[in-house]
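Following is a predicted model, sequence given first.
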Amino acid sequence: MNHRTATATLLLAFATPGLARAQGAPAAAPTPAPAAAPAGAQREMRAYLVRDGREVQAPLFSEQSATLPVARVDDEEITLQQVTDALAAAHEEGHAAPTSQHDFKPVLDRLVDMKLCVIEAREMGLEDLPEVKQAIQDEETTQLLVRVRARAVAGVKPDPKVVERLYRDAVREYQVRSLLFAKEADAKAFQKALAAGGSFEALGAKLVAAKKAQGRLEAGYTGAAGVKPEVAKVIATAPAGAARVVKLADGFTVVQVLGARYPEVPAERARAEQRALEAARQSATFKYYDALAKQHARTDKKLLAKLDLEARKPGVAALRKDQRVLATIEGDKPLTVADLIRGMEEKFFHGIDAPIKERRANAAKPHVFQVVLRQRLVLAEARRQKIAESAEFRRYMAEFKEATLFSAYLERAIMPDVKVTEDEGRAYYAKHKADFATPAMYKLESLTFSSAQDAQAAFDKLRAGTDFRWLRANASGQVKEDQRKAQLDNTVVSATALPPELANQLSGARPGDCRLQAVEGQYFLVRLVSATPGQQQPYEAARAVIGKKLIGENLNRALRASNAKIRKSHAVAVYLTRIGY
């Protein structure tokens, strides 16, 4: 969640205590542009303002108008970009896009309310609280590191060879055929006959007819994820044409791999490109660190090597004060032994004493040293690049400070008086019982047909006693797996996730029952393997969730009531009158 989304969440829900600090408002892009128009909005949408008795208009999503004041609380401004950021985030959270002149008003009202709370927080001295200062300082450090690294990898592109390898690994489908045997001896005899040149189809048909085996005789394509793990290991390494016997829980399968194909799947290619890009960026980042260290740092390798963190003398207490220099850094103060110990204590959340006793501290020393050194080098580089002086960075930190102060104000001025009673919780539960009911769950086997006649014929065979797995291997007219309108075979699904007509048919069914249902022009023959009835969650189990929701609602009401009083003692001016074309 970036800082804009975090701020919008605070505005839309008025947050929960500590939200800004807990979420950390991490890693925005180094030089973000003004918020893009939400889906449905058009570039020519404009903001209309009235100031000093005359109307002014500006493009809604424009860098030039981003800093345009649309409201003022005392001497502090609310800009058009803050409104568009909040509108865009609201749309991302599932709210309507700003397509009418009224859509912006609730968001702008909340921006005003947030500004009022921030002013009150400053007057209360919350800005000077150690935890608030620390949160702001930590975020400033994080953002400087993020921006330097982002610039370092800005031009990095994925290696096409890596993309292709990752893609082929993801989409590879093996052409296989297999038979399942109850007895290992029969499976090995079949394997031996194939190795001697026998025909899989001819030999297999005889074994199926003799009821020594079952399965598909014709070859089909499958990915490694579509078969059992034991089989996946075999088909990934077996040479084309070779037959292998694999022991399964329900018997012994003989698998023959005929070849492989690599279908074009755009989504998988996009994922492969992203993974390759991330790998290339990581590699470039470490090269950048090495270049910074070579150019701007000098490490005392002898001191680092002989420094024994686990020795009884002088002991970690003395090392915490040790000012011996491990590395000099151009543009920054030296990195000392004491700095390294602080880094070690940050790595081990529960302190360094246990790692010392367990002889883990020295092993972690080189890595922690590199982490501390790299951070110092990158921060020094941020100062050289004057990132903190940029308008974008100052704007980012100003918004983060306001979000942190707003959260601190909620915690100290509003939250202490917000309560939820047991009666409120039970009343909410009684009114929303359906929200706390789990649907029925079904484990299903299914066959999918393109015609009603083929589906009915298969259904009739099932009722006559034909084995379901045999039918899957031999019934004609089946739809290929990647062309089915619904994936129901060998799955566990909830009643709410099923097509409504099928869910109705399965209601009350018993394991082993079969149903035939048309779905979007295809015909599904479904066998119920097992069913778990839906259950009503008792109030005691739902109590925590209900309490959290009611706390949020009561917090909103309390904040609105408080702001109504606060507003009377501040000068509030709103210039934005409408958004339109």
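Cool, got the structure.

For the rest of this, base every contact and every neighbour count on C-alpha atoms.
Noted.

quick one: E230 is in a strand?
No: counting by DSSP: H, G, I helix; E, B strand; the rest coil, E230 falls outside a strand, being helix.

how about it, what does it touch?
Going by Cα atoms under 8 Å, 6 or more residues apart in numbering, E230 touches V246, K247, L248.

any idea how far it is from E399?
54 Å (Cα to Cα, to the nearest Å).

Let's see which of the contacts of E230 end up in strands.
Filtering those for membership in strands, criterion DSSP state E, returns V246, K247, L248.

how about CSV for those residues, with neighbour count and pLDDT added?
Output for those, formatted as CSV (neighbours: other Cα atoms under 10 Å; pLDDT from 0 to 100):
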residue, neighbour count, pLDDT
V246, 18, 92
K247, 16, 93
L248, 15, 91
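
what's the closest of these to V73?
The closest of the ones in strands among the contacts of E230 to V73 turns out to be L248 (Cα to Cα; 71.3 Å).

For that closest one, which non-adjacent residue is spatially closest?
If the residues on either side of it in the chain are set aside, L248 comes closest to E230, at 7.4 Å by Cα to Cα, 6 or more residues apart in numbering.

What distance do you get for that neighbour to R177?
15 Å.

cool, and A88?
52 Å.

Where does pLDDT dip in this protein?
Residues of the chain that meet the criterion pLDDT under 70 lie in 1-43, 91-102.

Let's see that with 50 instead.
Within the chain, the stretches with pLDDT under 50 are 1-37, 40-42, 97-102.

Can you pull the domain assignment for it?
As assigned by automatic domain parsing, the chain contains the domains 1-154+386-430+537-581, 173-261, 300-364, 440-533.

which ones are touching the closest residue to A182 other than its chain neighbours?
Spatial nearest neighbour of A182, excluding adjacent residues (Cα to Cα, 6+ apart): G251 at 4.7 Å. Going by Cα under 8 Å, 6+ apart, G251 touches L180, F181, A182, K183, E184.

So which of the contacts of E230 is the closest to V257?
Taking Cα to Cα as the measure, V257 lies nearest V246 of the contacts of E230, at 12.9 Å.

G197 versus that closest one, what's the distance?
In terms of Cα to Cα, V246 sits 20 Å off from G197.

name the helices or strands packed onto the helix or strand where K302 lies?
Assigned by DSSP states H and E, K302 belongs to helix 301-306. Judged by 3 or more Cα pairs under 8 Å, 6 or more residues apart in numbering; DSSP states H and E, the packing partners of helix 301-306 are strand 325-329.

three-state assignment of Y523?
Y523 is classified as strand under three-state DSSP.

still on that earlier bit, list phi and psi for the residue nearest to A182.
Backbone geometry at G251, expressed as degrees, to the nearest 10, gives phi 150, psi -150.

Looking at strand pairing, list the partners for it.
Counting by DSSP bridges, G251 forms beta bridges with L248.

Quick check: buried residues in the host helix or strand of E553?
E553 is located in helix 539-567, with elements delineated by DSSP H and E. Buried residues in helix 539-567, counted by 16 or more other Cα atoms under 10 Å: 539, 542-543, 546-547, 550-556, 558-559, 563.

about what we covered before: rebuild the ones in strands among the contacts of E230 as JSON lines, extending it with distance to A121.
Shown next, in JSON lines, are these (distance: Cα to Cα, whole Å):
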{"residue": "V246", "distance to A121": "68"}
{"residue": "K247", "distance to A121": "68"}
{"residue": "L248", "distance to A121": "66"}
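
Could you pull up the residues touching R376?
When contacts are counted by Cα under 8 Å, 6+ apart, R376 touches I329, D332.

What's the first helix or strand after the host helix or strand of it?
If you go by DSSP H and E, R376 is part of helix 361-385. Per DSSP H and E, the first helix or strand lying C-terminal to helix 361-385 is helix 391-409.

Follow the chain on from the longest helix belonging to the chain and name the next helix or strand.
With secondary structure taken from DSSP state H, the chain has its longest helix at helix 266-296. Remark: after helix 266-296, the chain's next helix or strand is strand 297-299, criterion DSSP H and E.

Distance check, K301 against A361.
Counting by Cα to Cα, the gap between K301 and A361 amounts to 18 Å.

more neighbours, these two?
A361 (20 against 11; other Cα atoms under 10 Å).

Disregarding flanking residues, what is the spatial nearest neighbour of that one?
Spatially, and ignoring its direct neighbours in sequence, A361 is nearest to P355 (5.2 Å; Cα to Cα, 6+ apart).

how far away is that neighbour from T336?
Between P355 and T336 the distance is 20 Å, computed by Cα to Cα.

and if you look at E481?
When E481 is compared with T336 (using Cα to Cα), they lie 63 Å apart.

Of these two, give the one with the bigger neighbour count.
T336 (19 against 14).

among the domains of the chain, which is nearest L373?
Using Cα to Cα, the nearest of those to L373 is domain 300-364, at 7.3 Å.

Please name every helix or strand in contact with the next helix or strand after the helix holding K302.
Downstream of helix 301-306, the first helix or strand assigned by DSSP H and E is helix 316-319. Secondary-structure packing of helix 316-319 (3+ Cα pairs under 8 Å, 6+ apart): helix 337-347.
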